[in-house]
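**Q** Got a sequence here, can you model it:
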Amino acid sequence: MRILFITSNRLGDAVLSTAVLARLLDQHPDAKVTVACGPVAAALFEGVPQVERVIAWRKAKSGRHWWALWRQVAGSWWDRVIDMRGSALAWTLLAGRREVYRTRRGDEHRLDQMAAGLGLAPPLMPRLWLTEADRAAASELLGDDDRPLLAVAPTANWPPKAWPADRFADLIGRLTGEDGPLAGARVLVAGGPGERDLAAPVLAAVPRDRLVDLVDRAPLMVLAAAFARCRLVVANDSGLMHLSAAAGAPTLGLFGPSKDANYAPAGPVTAWVRAPESAEALLARSQEVGRTPGALMEGLSIDAVEAAALDLLNRA
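**A** This next block holds a predicted model:
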């Protein structure tokens, strides 16, 4: 069976879509898969044994990216085409079966919406295909230090929805201080390309001898393997939050102007906490705050995040 799997150019949505691919491969372990996705998400699929090809194509004006993708896949026969981006492309290809998922409105989690939209039995759960090379590279980055690891992902693709950096720094102090549950822990600070400025205050707040700086310094799947070795990961609602949860790390997601009902982290041990205001109320203020970092997350207190972190640590 030959499958074309078209998924998101955004990391978080692509991580969630791995749940659909995992279900398909469980049902058809001998399938040969071509994945089409955005460049930032391509690494998620490169280690999947059944994936023959990953097409990383960039979004272009006037939908020209669809034409670019069509030219690469139109000459082949596909037993199944699964389009997680809701386009019309599937209907222009030679295929035995076409399934097009369009994001639904409502308060169900995106994984439940995917299951309903594609006729798959819930629950769906994201999956990462970490290779031995990924794990070895993570081990090299982390070294043989036996102190526990706390990870934070203080960045976001839209700065106003990032929890203020000074609160991340305060939380790190509470959790890793002498009386904290992770006393003396090393602190892994994660972020993607172009996010170093947003992460800089957090990096500066961690003592050099306890800092593991992985802000745009590790390949995506190596970062996932590093997350998997952490006692706790605290992350803004972001692609890295979903990556951490899918890697199996105890992951606490921080929410404000996005809906936790739709995008709460999904993994073996996860939790989330949100600002008191609704996502709709915070989004209504987005024009007035511009791109000011943390502007829409100021209502989320350090005490609330610390309490959620302690509860998750106890469960983990």
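**Q** Quick check: longest helix in this protein by residues?
**A** When the chain is parsed with DSSP state H, its longest helix is helix 11-27.
**Q** For the helix or strand that that one is followed by, list every residue counted as buried.
**A** Using DSSP states H and E, the helix or strand that directly follows helix 11-27 along the chain is strand 32-37. Of the residues in strand 32-37, those with enough neighbours to count as buried (16 or more other Cβ atoms under 10 Å) are V33, T34, V35, A36, C37. No exception for glycine: its C-beta is placed from N, CA and C like everyone else's.
**Q** From the contact counts, what lies against the next helix-or-strand element following strand 32-37?
**A** Note on strand 32-37: by DSSP H and E, the next helix or strand toward the C-terminus is helix 43-46. Contact analysis of helix 43-46 by 3 or more Cβ pairs under 8 Å, 6 or more residues apart in numbering; DSSP states H and E lists helix 11-27, strand 32-37, strand 51-56, helix 220-227 as its packing neighbours.
**Q** I'd like the domain boundaries of the chain, if you could list them.
**A** 2-118, 132-315 (automatic domain parsing).
**Q** and the angle from the longest helix of the chain to strand 51-56?
**A** Relative orientation of helix 11-27 with respect to strand 51-56: 160 degrees, computed using axes from the mean of the first three to the mean of the last three Cα atoms, to 10 degrees.
**Q** Can you give me the buried ones in helix 11-27?
**A** Of the residues in helix 11-27, those with enough neighbours to count as buried (16+ other Cβ under 10 Å) are 11-25.
**Q** relative to strand 32-37, how tilted is it?
**A** When the same axes, to 10 degrees is applied, the directions of helix 11-27 and strand 32-37 differ by 170 degrees.
**Q** what residues does stretch 211-224 touch?
**A** 11, 40, 43-44, 46-47, 128, 130-131, 134, 137-138, 141-142, 149, 155, 186-196, 199, 203, 226, 240, 243-244, 246-247 (Cβ atoms under 8 Å, 6 or more residues apart in numbering).
**Q** list the buried ones in the helix or strand of the chain with the lowest mean pLDDT?
**A** Between all helices and strands in the chain, the lowest mean by mean pLDDT, DSSP states H and E belongs to helix 286-289, at a mean of 87. Across helix 286-289, burial judged by 16+ other Cβ under 10 Å covers V289.
**Q** Distance from that helix to the middle of the chain?
**A** Averaging C-alpha positions (Cα atoms, centre = their mean, to the nearest Å) puts helix 286-289 25 Å from its chain's average.
**Q** next SSE after it?
**A** Using DSSP H and E, the helix or strand that follows helix 286-289 in sequence is helix 302-315.
**Q** elements contacting that following helix?
**A** The contact analysis (3+ Cβ pairs under 8 Å, 6+ apart) places helix 302-315 against helix 165-176, strand 232-236, strand 251-255, strand 270-274.
**Q** Centre of the chain to the longest one, how far?
**A** It stands for helix 165-176. For helix 165-176, the distance from its own C-alpha centre to the chain's C-alpha centre is 22 Å (Cα atoms, centre = their mean).
**Q** Just the CA trace of it, in CSV.
**A** Only the C-alpha atoms of helix 165-176 are listed here, as CSV (Å, rounded to 0.1, in the frame of the first residue of the first chain):
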residue,chain,number,x,y,z
ALA,A,165,10.4,35.7,31.1
ASP,A,166,10.8,37.0,34.6
ARG,A,167,8.2,34.6,35.8
PHE,A,168,9.9,31.6,34.2
ALA,A,169,13.1,32.7,36.0
ASP,A,170,11.2,32.9,39.3
LEU,A,171,9.6,29.5,38.7
ILE,A,172,13.0,28.0,38.0
GLY,A,173,14.3,29.4,41.3
ARG,A,174,11.4,28.0,43.2
LEU,A,175,11.6,24.5,41.7
THR,A,176,15.4,24.1,41.8
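**Q** Residues in contact with the following helix or strand past that helix: which ones?
**A** Past helix 165-176, heading to the C-terminal end, the next element that is a helix or strand (DSSP H and E) is strand 186-191. Strand 186-191 has contacts (Cβ under 8 Å, 6+ apart) with 142, 145, 147-155, 172, 176, 198-199, 202-203, 206, 210-216, 223, 226-227, 230, 235, 240.
**Q** Out of these, list just those in strands.
**A** The strands, defined by DSSP state E, take in L149, L150, A151, V152, A153, L211, V212, D213, L214, V215, A235 from the contacts of strand 186-191.
**Q** State the pair within those that is farthest apart.
**A** Checking the ones in strands among the contacts of strand 186-191 against each other with Cβ to Cβ, the farthest-apart pair comes out as L211 and A235, at 17.2 Å.
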